[in-house]
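K.L.:
the sequence and its predicted three-dimensional model are supplied below.
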Amino acid sequence: MTTLAAPQLTGTGTLLRFALRRDRLMVPVWVAVNALMVLSMPNSLKSLYDTPADRADLLRQMETNSSLRALIGPVFDDSLGALTAWRVGVYAGALAAVMSLIVVVRHTRDEEESGRQELVASGMVGRRASLTAALLTALVANAALALLVTAGLAGQGATGALALGLGIGGVGLVFATMAAIVAQLTESARLARGLTAAVLGAAFVLRAAGDSATDDGSSVLTWLSPLGWLENLRSFADERWWVLLLFLTAAALQGTAAYVLAGRRDVGMSFLPTRPGPAAGRLASASALAWRLQRGSVLGWSIGFLLAGLVYGGMTDGVADFVGDNDNAREIFERMGGQSGITDAFLASMVGMLGLIAALYIVSSVLRLHGEETSGRAEPVLANAVGRLRWAAGHLVIAFGGAALIMLLAGLGFAVGHGKQAGPILGACLVQVAAVWVVGGLTVLLHGLAPRAAVAAWGVAGAILLIGWVGPALDAPQVLLDLSPFGHLPKLPGGQMEWGPVLTLLLLAAAMTAAGLAGLRRRDLST
Amino acid sequence: MTKAITVSGLHKTFGSTHALDGLDLEVETGEVHGFLGPNGAGKSTAIRVLLGLLRADSGAAQVLGRDPWTDAVEVHRRIAYVPGDVTLWRNLSGGEVIDLYGRLRGGLDTGRRAELIERFELDPTKKGRTYSKGNRQKVALVAAFASDVDLLILDEPTSGLDPLMEEVFQRCVEEERDRGRTVLLSSHILSEVEELCDRVSIIRKGHTVETGSLADLRHLTRTSVTAELAGPPNGLTHLPGVHDLDVQGHRVRLQVDTDKLDAVLRSLTDSGVRSLTSTPPTLEELFLRHYQEDVTPEAAR
């Protein structure tokens, strides 16, 4: 093992201060949103499950409902603190992981890909300073998050709060060091983020599979996932402190691996080399170029949505079978509206969740316009015989068409996984497209009229996601829920199809897209 | 001759910055026109207006007889543009980009494409990210020179090219001129401008301070004269157009406005000339006079 000689770290402090300054907005927002989600939970859970009897009911329900366990995880105790850890723990950990991977890739591979790293590395900067500064930035962010969670939940029990805070931060650190490894492997920051996110997705699926099989998190699958460690820490439920060692060990091993890899390669190079391309090209139009640039992403999202549909569709069958087997559960589900009622409700909530995620796809796809423009790549294209509308249309067809495609594939996955109700499920998925397109239209509008604020579309998508995921649990006022286009969709399958709101959303999407394109035609190109 | 580009009284502001402040520019069809100015003078802004990427606040611009903003696509069909800093897509090869740009213009001459790739020593199979700065420029240059267009707009196109490639570039521009194409060349490399350009326009702080052929412009500047005389000089101080006069005994050094040279030489020969050196104005002096902050355009004339 190589040692961390001091000269290799020269300049780390300066780089760390610089990184924190660059992230002075991004990291606090991520930390605050995540902490807010966790800290608001005891109150909303208190209003949902007020009496001990309610909570005992919930516990029983979770013991028997493998699908819900797969989504959220098992409950270990009926205190408000334990319920909070159960309800948001995995999601807060996942959010911390996403924040950490973004931070680390941003200060390592992004810097190298843009060429800025060369300038930095030519200064009085040690060979390992950049990676160290990136990891320390992630450490600072996760420590702040852990501190906020611990302090904010101390009222529910100081030790439990500390365990949950450290666990969430621990997941963040594991994925920070994971991102540090992946950043050594690829030349593209986008690919590094994508691969690390894929590992996070795999961690979620492992935990979900494990938790659907066992009701106490004891499955091997759960133990293979850092998100599973977080739940097995059992915050507020007789904490198992030794689980924290898993986070520490994983972070230490991965961090060491990243340093070893980084020490064996040149600046800007990677272990996955770039292959040469063709000497002549077939691209003949702006649309072909747009497709070439976005096809990989469309393919990835398509596969993801098809798989998600298959998995969730398969789970739905599990719920139905289970209801047939278990008297206790049948009683619960029949109270909620009979067997078809719970199946539909589960399907509807899963379809809705995929719809919310599809909103992220459409934002990223529409913002390709913004990326092409600000990077200077759009300028020479538009200096050719390509009108701005045709240029934009090339990307927008992929954004809007792709959103419909991935929802259709999710629907097919659901239908195949569930094995029945193909028509209603496909319909339910396609109805989501109306709301997804509204988010897309808003992004086009921002890009067309206020190009400097275009990335605010991410903020809007994040807010819509938050409203959709946390809003109902928080029992948020209807006014707030109505802000999200998804709140206006009919609850399908199971509910009544309402064309009115769907058509209104479609019109709204069309109007915003048209206004955005009109703005794009009239304004100066950003340079 | 018809005009390929006419611009008059162009204004463009970005917030409080007045990037273009009454810019005028005329480029004749078939000429190579040098477009010069210090950093931040507004050259790139002007070019972006000519490409219809920016809309001018006021003033008129015509490119190939059309409005570059409203008829952008039609105009662009006959234009090839090379920016000063070419960015490429990381996962597209240079060859793919050349062909894409060619097809998005009026078409590509495949024979010329192959010849240019050879002359510029470009490897078209490399992906965008792996090209150096000079090689990225070459990708855009090959695409421009191989395209079937009437007007080339080149914005500091040779940044990052080595001297050999710079030479290839100059030959290519000459070939374009010989084929009757028009070239607007924004450049900082004065030898390049001197070699290639029929006429030049110098801009500063967003407006044109000088336009004309290099011969015309030389007339507007001063010639340095050093002379050894037989007797003391006489009456030089009173001659119009004489500057920086330095007399030490029989030795005289002075600067004189080039169009007033005749009177100075007469005065010198009156005193009897033993030796004389006269240096014509260099292009650098020409530009430095316009680039320097303290010289107002009026005083320079």
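P.N.:
Here it is on my side, so go on. Numbering: from 1, shown residues only, chains lettered A, B, ... in the order given.
K.L.:
what segments of the stretch 51-200 of chain A are strands?
P.N.:
Counting by DSSP state E, counting those that start in this stretch, one finds no strands in the stretch 51-200 of chain A.
K.L.:
name the residues of it found near chain B, please.
P.N.:
Contact residues, the stretch 51-200 of chain A versus chain B (C-beta under 8 Å from any C-beta of the partner chain): A:113, A:187-188. Backbone N, C-alpha and C define where each C-beta goes, glycine included.
K.L.:
among the residues you listed, which ones are in helices?
P.N.:
residue A:113 (DSSP state H).
K.L.:
same list (the residues of the stretch 51-200 of chain A next to chain B) but as CSV, adding pLDDT and neighbour count.
P.N.:
Converted to CSV, these look like this (pLDDT from 0 to 100; neighbours: other C-beta atoms under 10 Å in any protein chain shown):
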residue, pLDDT, neighbour count
A:113, 83, 22
A:187, 82, 20
A:188, 83, 19
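K.L.:
what distance separates the host helix or strand of residue A:249 from the centre of its chain?
P.N.:
Assessed by DSSP states H and E, residue A:249 sits inside helix A:243-263. Taking C-alpha atoms, centre = their mean, to the nearest Å, one finds the center of helix A:243-263 at 23 Å from the center of the full chain.
K.L.:
close to chain B, is the next helix or strand after it?
P.N.:
Using DSSP H and E, the next helix or strand after helix A:243-263 towards the C-terminus is helix A:286-325. Yes - counting by C-beta under 8 Å from any C-beta, contacts between helix A:286-325 and chain B involve A:286, A:288-289, A:292-293.
K.L.:
buried among those residues? Need that as a selection in ChimeraX.
P.N.:
A single ChimeraX command selects the buried members of the residues of helix A:286-325 next to chain B (16 or more other C-beta atoms under 10 Å in any protein chain shown):
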select /A:286,289,292,293
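K.L.:
any low-confidence regions in chain B?
P.N.:
Residues of chain B meeting the criterion pLDDT under 70: B:1, B:219-220, B:283, B:292-301.
K.L.:
that one: strands as residue ranges?
P.N.:
B:3-14, B:17-28, B:32-36, B:58-63, B:79-82, B:151-155, B:182-186, B:199-204, B:207-213, B:222-229, B:242-248, B:251-257, B:273-279 (DSSP state E).
K.L.:
distance to chain A and mean neighbour count added to the ones you listed, as JSON lines?
P.N.:
What follows is those, written out as JSON lines (distance: least, C-beta to the nearest C-beta, whole Å; neighbours: other C-beta atoms under 10 Å in any protein chain shown):
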{"stretch": "strand B:3-14", "distance to chain A": "8", "mean neighbour count": "19"}
{"stretch": "strand B:17-28", "distance to chain A": "11", "mean neighbour count": "19"}
{"stretch": "strand B:32-36", "distance to chain A": "16", "mean neighbour count": "24"}
{"stretch": "strand B:58-63", "distance to chain A": "11", "mean neighbour count": "17"}
{"stretch": "strand B:79-82", "distance to chain A": "4", "mean neighbour count": "28"}
{"stretch": "strand B:151-155", "distance to chain A": "8", "mean neighbour count": "24"}
{"stretch": "strand B:182-186", "distance to chain A": "13", "mean neighbour count": "25"}
{"stretch": "strand B:199-204", "distance to chain A": "18", "mean neighbour count": "23"}
{"stretch": "strand B:207-213", "distance to chain A": "20", "mean neighbour count": "18"}
{"stretch": "strand B:222-229", "distance to chain A": "39", "mean neighbour count": "18"}
{"stretch": "strand B:242-248", "distance to chain A": "42", "mean neighbour count": "12"}
{"stretch": "strand B:251-257", "distance to chain A": "41", "mean neighbour count": "19"}
{"stretch": "strand B:273-279", "distance to chain A": "42", "mean neighbour count": "12"}
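K.L.:
mind putting those strands into TSV with distance to residue A:51?
P.N.:
Output for the strands of chain B, formatted as TSV (distance: least, C-beta to C-beta, whole Å):
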stretch	distance to residue A:51
strand B:3-14	64
strand B:17-28	66
strand B:32-36	80
strand B:58-63	73
strand B:79-82	72
strand B:151-155	73
strand B:182-186	77
strand B:199-204	79
strand B:207-213	80
strand B:222-229	98
strand B:242-248	99
strand B:251-257	100
strand B:273-279	101
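K.L.:
which one, of the ones you listed, ends up nearest to residue B:105?
P.N.:
strand B:79-82 (6.0 Å; C-beta to C-beta).
K.L.:
how about the helices of the stretch 301-450 of chain A, start to end?
P.N.:
Using DSSP state H, counting those that start in this stretch, the helices of the stretch 301-450 of chain A run over A:327-335, A:338-374, A:378-382, A:388-418, A:422-449.
K.L.:
mind checking which helix or strand of chain A has the lowest mean pLDDT?
P.N.:
The helix or strand of chain A with the lowest confidence, counting by mean pLDDT, DSSP states H and E, is helix A:327-335 at a mean of 48.
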